[in-house]
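>>> Below is the sequence, then the predicted model.
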Amino acid sequence: MMAVRSEFTQAGDWAGLGITPATALRVVGMRRSGNHAITNWLQRNAPEGQALFLNNCRPGTDPLRSRKGIEVSGHWHRDDVAAAAKAAGEGALLLISYEDTVHLRYCAERPMSGPYGDAAFDGDILIFRSFLNWSASLLKKLQGNENYRSGDRMAVMARALATYGDLLAEVAEADQTGHVPICYDQWVADAAYREGVLARLGLPLRDNGLGAVQPYGGGSSFQKAAATAEDLAPQARWRMMAHDPEYQALLRLAALDEDLCARLTRAFPEDAARLARIAALPGFDAEVLQ
């Protein structure tokens, strides 16, 4: 079950906003995992339809100061946090998101949300996506940056592989920690799954659609013209990258990570089986180096 904070914590911790949120949720997920589609959906299902979203905050700092964007009830807000909170109104849903990090890197002495400890949140959400589709989407996004060379892209991807594996470890422990995992692949495909997540979070079912494609990060890495999430094909990204030499090199690297492969066996067994087949392939002959 999702942990619930005390009435004292609810009334006191968010005084800096100028409002008392009815529910405060913290969201952690890797880039290119549907974070913004899901946070938009959560806003559309906020109590009374009112929500304040602080996007992509810097871990370990005050999220009211380090956010990289603000939305009020699903719409961009270009003013400061206090004005946005006032626009959202008393009793709004508060969403605070982090990207490319995990809870295990923080502790009571160094909280993820700076002055706001874990007790300030009604729940923690872990957004994750199948490995092959996530890695294909992120690499495709990086390939669109003309300032990146192949080595630059591989450096980013190698760091992301480690964080992705750590996130899967937290997903596996969600029953013990009370965190609420949301698998993007299931979220896209199954309305009943989405409804169940809302129920677990204690949010009303107001709009269970997939919504519009969000503009963050340039939208989809593959389908720039897609306007609605129904137009996307997120489960097929790895097939679109299967012949890309950089993607093949990345999968060979991932196949060497025993911890990652073990976690994938539990979370995405088909992806784990594909990596196992890659690991069994021969490498190039050492004579090539002579």
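Done, it's in.
>>> rest of the way, CA atoms for contacts and neighbours
Noted.
>>> what number of residues lie near Gln290?
5 (other CA atoms under 10 Å).
>>> which residues touch it?
Going by CA atoms under 8 Å, 6 or more residues apart in numbering, Gln290 touches no other residue.
>>> ok, it to Leu167 distance?
Remark: distance between Gln290 and Leu167 (CA to CA, to the nearest Å) = 41 Å.
>>> How many residues are close by Ala212?
Counted by other CA under 10 Å, the residues lying close to Ala212 total 15.
>>> hang on, isn't Asp31 packed against Glu99?
Not quite, residue 31 is Arg, not Asp. Yes - counting by CA atoms under 8 Å, Arg31 sits close enough to Glu99 to count as a contact (6.0 Å).
>>> and the two? which has more neighbours close in?
Arg31 (23 against 19).
>>> The more buried one - that's part of a helix, no?
No - read with DSSP: H, G, I helix; E, B strand; the rest coil, Arg31 is coil and lies in no helix.
>>> And it, how far from Tyr164?
Between Arg31 and Tyr164 the computed distance is 10 Å (CA to CA).
>>> Identify the contacts common to the two.
With CA under 8 Å, 6+ apart as the test, Arg31 and Tyr164 both reach Asp100.
>>> Flag every buried residue along stretch 90-103.
Gly91, Ala92, Leu93, Leu94, Leu95, Ile96, Ser97, Tyr98, Glu99, Asp100, Thr101, Val102 (16 or more other CA atoms under 10 Å).
>>> actually stretch 51-65, not the one I wrote
Those would be 51-64, for stretch 51-65 by 16+ other CA under 10 Å.
>>> Show me where the stretch 51-200 of the chain has its helices.
63-66, 81-88, 131-143, 150-172, 174-177, 184-189, 191-201 (DSSP state H, counting those that start in this stretch).
>>> Mean neighbour count, those helices: which tops it?
Of all those, helix 131-143 has the most neighbours on average by mean count of other CA atoms under 10 Å, namely a mean of 22.
>>> For that helix, name the packing helices and strands.
helix 150-172, helix 237-241 (3 or more CA pairs under 8 Å, 6 or more residues apart in numbering; DSSP states H and E).
>>> if I pick Leu167, what's in contact with it?
By CA under 8 Å, 6+ apart, the neighbours of Leu167 are Gly29, Thr101, Val102, Leu126, Phe128.
>>> In space, what's closest to the second one - neighbours in sequence excluded?
For Thr101, ignoring the flanking residues on the chain, the nearest one in space by CA to CA, 6 or more residues apart in numbering is Thr163 at 6.4 Å.
>>> what about Ala242, distance to Leu253?
15 Å.
>>> Among those two, which residue is more densely surrounded?
Leu253 (17 against 14).
>>> Can I take it that Ile278 is in a strand?
No - counting by three-state DSSP, Ile278 is not part of a strand but helix.
>>> and it, how many residues sit next to it?
For Ile278, the count of nearby residues is 17 (other CA under 10 Å).
>>> so who does it touch?
Ile278 touches Leu251, Arg252, Ala255, counting by CA under 8 Å, 6+ apart.
>>> Would you convert those into TSV that also reports pLDDT, neighbour count and distance to Leu132?
Formatted as TSV, the contacts of Ile278 follow (pLDDT from 0 to 100; neighbours: other CA atoms under 10 Å; distance: CA to CA, whole Å):
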residue	pLDDT	neighbour count	distance to Leu132
Leu251	97	20	8
Arg252	97	19	12
Ala255	98	21	12
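>>> Out of those residues, which is nearest to Leu275?
Ala255 (5.1 Å; CA to CA).
>>> so how far is Val81 from the closest one?
44 Å.
>>> do Ala158 as well
For Ala158, the distance to Val81 - CA to CA - is 35 Å.
>>> cool, and Ala279?
Using CA to CA, Ala279 is found at 49 Å from Val81.
>>> Likewise for Gly202?
Applying CA to CA to Gly202 and Val81 gives a distance of 25 Å.
>>> Same check on Cys57?
13 Å.
>>> go on, Gly18?
Using CA to CA, we find Gly18 at a distance of 10 Å from Val81.
>>> Ok, Glu90 next?
Here Glu90 is placed at a distance of 14 Å from Val81 (CA to CA).
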